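> A structural model of the following input is requested.
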Amino acid sequence: MSRSRRTKIIATLGPASESPEMIGNLFKAGADVFRLNMSHLPRERLRERVAVIRELETKFKRPIAILADLQGPKLRVGSFTGDSVALERGQKFTFDDSTTPGDVKRVHLPHPEIFSSLESGDAVLLDDGKLRLRVTDVKSGKAVTKVEVGGKLSNRKGVSLPDTILPVTAMTDKDRSDLEAALDAGCDWIGVSFVQRPEDIAEVKKVASGKALVMSKLEKPQALQRLDEIIEISDSIMVARGDLGVEMPIEKVPGIQKRITRAARRAGKPVVVATQMLESMISSPVPTRAEVSDVATAVYEGVDAVMLSAESASGQFPVEAVSMMNRIAEEVEQDQNYWSIIMAQQTEPEATGSDAIAAAAHQIASTLNVKALAAWTFSGSTAFRIARERPNATVIALTPNRATARRLALVWGVHPIQTKDANDIDDMAFRACKFAVREGLADVGERVIVVAGMPFGTPGATNMVRIAFVNQDHAAQA
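Numbering: from 1, shown residues only. Predicted structure coming up:
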């Protein structure tokens, strides 16, 4: 089940795709990673969903990554007498700490931390940005606003505060329980929602303790102010364009997307572009031309993965959506302009031995026009470093660590294989060639670049690159 593309696909599971048969169909259509949205998935069903995916691994003999996406702090207004009100432009509207049902003049805001953080002039967005209010006065337990964009406001609608840094962690009590359940179930990646500062990620990583890698979802303007710090502490980054487009002027989102993806690529951290990529396929078997261009733009940018949300979770055509995203990525990567764009964004390797070896392997593979670059890795760091180089050769990541193989299923151009560790240099080269033939990435007489660390089994010790020739013995054992 090797893919003919380097960009990976993340498919969100939900009501439309929760059966074992449908999950299998999504994998066959091209999904490399399955996202479990903890906002909607009951904790007691998490282990059941993970078990289905693990059975697929056994059936198709291919590592599959599971991303458990934490809900994060959801801010919502209280309820109204009559369930809704109509706010008009120019009127005053108050948020307060009274639990009395709201009316056209006020409503309960069950988040006391907001009142201590709001300042006069701050924007308050309601219902995914459909309504916009501006703070005029803040007192203890009360914030008075003026309506700039009115409309209907109903019970429990969401609140966004693009100008306000909240003194709350990105991990709520629910998130902590969900995180522990996800780690216990064996999820590979943890998505952290509404990240504002690097400390938000540090808290999650402390709990995870290396049992899973952590992905920062960038969807708040405050995160952009400390982007480099957040990228440094994170294991990967997601450009979550939905909420980002609510809290910032929507015309700024494409530029922010490029800024984030390029910063993550420079740092060698996997980067995912998400939200509304094939939105019309929720109810249509074909996407719009604009959506196809949107997915293609992300692929041209060299992102590690593109993600489907409602399209695969609750849409009418989940398999078609994954298949379409697969075809778009394949077509872009075959375009003659693709590699020129990828190479134009090439960055200098960091001043470490491991990065120097990764850069050298890339250069050798390019010079010799090699199709397969085999990386022996225990922690995955060698494969991450080589993927950062964006080589025009499939990176076969050979690892004895099952968790590492699964995590690498998210990374650009990496084809992970779990196998026992190499015994010596000759065994390392022989089995690298054997797997390259078995996966259809090399033929007899061709060369395979092999990267590893000596001594074997030492994490982070990448210090050797070798050119191996595929012979009949490799083909016979493949």
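
> Tell me how far residue 341 lies from residue 298.
Per Cβ to Cβ, to the nearest Å, residue 341 is found 12 Å from residue 298. In short, each C-beta sits where N, CA and C put it, glycine included.

> And for the nearest residue to residue 120 once chain neighbours are set aside, the neighbour number?
Residue nearest to residue 120 in three dimensions, not counting chain neighbours: residue 135, with 5.5 Å by Cβ to Cβ, 6 or more residues apart in numbering. By the measure other Cβ atoms under 10 Å, the count of residues near residue 135 is 20.

> which residues does residue 135 contact?
118, 119, 120, 121, 122, 123, 124, 143, 144, 145 (Cβ atoms under 8 Å, 6 or more residues apart in numbering).

> That one: what secondary structure?
Here residue 135 is recorded as strand under DSSP: H, G, I helix; E, B strand; the rest coil.

> Same check on residue 210?
Applying three-state DSSP: residue 210 is coil.

> For the host helix or strand of residue 26, buried residues please.
Assigned by DSSP states H and E, residue 26 belongs to helix 20-29. Of the residues in helix 20-29, 22, 23, 24, 25, 26, 27, 29 count as buried by neighbour count, 16 or more other Cβ atoms under 10 Å.

> What confidence value was assigned to the residue nearest to the second one when sequence neighbours are not counted?
This means residue 23. Nearest residue to residue 23, sequence neighbours excluded (Cβ to Cβ, 6+ apart): residue 52, at 5.6 Å. On pLDDT, residue 52 comes in at 97.

> likewise the one 5 residues further on?
Residue 57 carries a pLDDT value of 96.

> just checking, residue 78 touches residue 96?
No: assessed by Cβ atoms under 8 Å, residue 78 is found out of contact with residue 96, at 9.5 Å.

> Identify the contacts common to these two.
Counting by Cβ under 8 Å, 6+ apart, the residues touching both residue 78 and residue 96 are 107, 108, 109.

> give me the number of residues near residue 366?
By the criterion of other Cβ under 10 Å, residue 366 has 15 neighbours.

> picking up where we left off before, Throw the buried residues of helix 20-29 into JSON lines and include distance to residue 381, thanks.
Compiled in JSON lines, the buried residues of helix 20-29 are given as follows (distance: Cβ to Cβ, whole Å):
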{"residue": "22", "distance to residue 381": "35"}
{"residue": "23", "distance to residue 381": "30"}
{"residue": "24", "distance to residue 381": "32"}
{"residue": "25", "distance to residue 381": "34"}
{"residue": "26", "distance to residue 381": "29"}
{"residue": "27", "distance to residue 381": "27"}
{"residue": "29", "distance to residue 381": "31"}
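
> Double-check that the residue nearest to residue 23 belongs to a strand.
No: counting by three-state DSSP, residue 52 falls outside a strand, being helix.

> Roughly how far does residue 11 sit from residue 207?
According to Cβ to Cβ, residue 11 stands 26 Å off from residue 207.

> These two: who's more crowded?
Set residue 11 next to residue 207 and count neighbours by other Cβ under 10 Å: residue 11 wins out with 28 against 16.

> Got the confidence number for the more buried one?
If you check residue 11, the pLDDT there is 98.

> and the helix or strand encompassing it, how far from the chain's centre?
Take DSSP H and E as the rule and residue 11 turns out to sit in strand 8-13. Here strand 8-13 shows a centroid-to-chain-centroid distance of 9 Å under the convention Cα atoms, centre = their mean, to the nearest Å.

> Could you tell me the angle between it and helix 20-29?
Here strand 8-13 runs at an angle of 160 degrees relative to helix 20-29 (axes from the mean of the first three to the mean of the last three Cα atoms, to 10 degrees).

> Convert strand 8-13 to PDB, retaining C-alpha atoms only.
The C-alpha atoms that make up strand 8-13 are tabulated as PDB, following Å, rounded to 0.1, in the frame of the first residue of the first chain:
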ATOM      1  CA  LYS A   8       0.100  13.000   3.300                       C
ATOM      2  CA  ILE A   9      -3.700  13.100   3.800                       C
ATOM      3  CA  ILE A  10      -5.400  13.400   7.200                       C
ATOM      4  CA  ALA A  11      -9.100  12.300   7.300                       C
ATOM      5  CA  THR A  12     -11.300  13.100  10.200                       C
ATOM      6  CA  LEU A  13     -13.600  10.300  11.400                       C
END
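
> Show me what that strand pairs with in its sheet, parallel or antiparallel.
Strand 8-13 has its sheet partners listed here by DSSP bridges as strand 33-37 (parallel), strand 305-308 (parallel).

> Kindly reformat those strands as JSON lines containing distance to residue 47.
Formatted as JSON lines, the strands paired with strand 8-13 follow (distance: least, Cβ to Cβ, whole Å):
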{"stretch": "strand 33-37", "distance to residue 47": "11"}
{"stretch": "strand 305-308", "distance to residue 47": "23"}
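
> if we can go back for a sec, from the contacts of residue 135, which would you call buried?
Using 16+ other Cβ under 10 Å as the burial test, these include 118, 122, 123, 124, 143, 144, 145 as buried.

> gap between the residue nearest to residue 120 and residue 126?
From residue 135 across to residue 126, the span is 13 Å (Cβ to Cβ).

> Sketch out the low-pLDDT regions of the stretch 351-478 of the chain for me.
Residue ranges of the stretch 351-478 of the chain with pLDDT under 70: 457-460.

> now the helices for it?
Secondary structure of the stretch 351-478 of the chain (DSSP state H, counting those that start in this stretch): helices located at 353-368, 381-388, 402-407, 425-438, 472-477.

> same check, this time on the stretch 51-200 of the chain
Along the stretch 51-200 of the chain, the segments classed as helices by DSSP H, counting those that start in this stretch run 112-115, 173-185, 198-208.

> Mind checking those for the one nearest to residue 139?
Closest approach to residue 139 among the helices of the stretch 51-200 of the chain (Cβ to Cβ): helix 112-115, 8.1 Å.

> tell me the domain ranges of this structure?
With domains defined by automatic domain parsing, the chain comprises 8-73+170-332, 84-160, 353-477.

> now, the most widely separated pair of the buried ones among the contacts of residue 135?
123 and 144 (14.1 Å).

> Spit out the contact partners of residue 219.
Residue 219 makes contact with 193, 194, 195, 240, 241, 242, 243, 244, 247 under the criterion Cβ under 8 Å, 6+ apart.

> Which of these fall in strands?
Those of the contacts of residue 219 mapping onto strands are residue 240, per DSSP state E.

> roughly how far is the helix or strand hosting residue 214 from the heart of the chain?
According to DSSP H and E, residue 214 maps onto strand 213-218. In terms of Cα atoms, centre = their mean, the centre of strand 213-218 is found 7 Å from the chain centre.

> Just the residues contacting the strand holding residue 11, thanks.
By Cβ under 8 Å, 6+ apart, strand 8-13 touches 17, 23, 26, 30-37, 41, 49, 67, 272, 274, 304-313, 318, 322, 325-326, 329, 409-412.

> any weak-confidence spans in the chain?
Filtered on pLDDT under 70, the chain yields the residue ranges 1, 457-460.

> Give the partner strands of the strand holding residue 214 in its sheet and their orientations.
Sheet pairing for strand 213-218, assigned by DSSP bridges, gives strand 189-192 (parallel), strand 236-240 (parallel).
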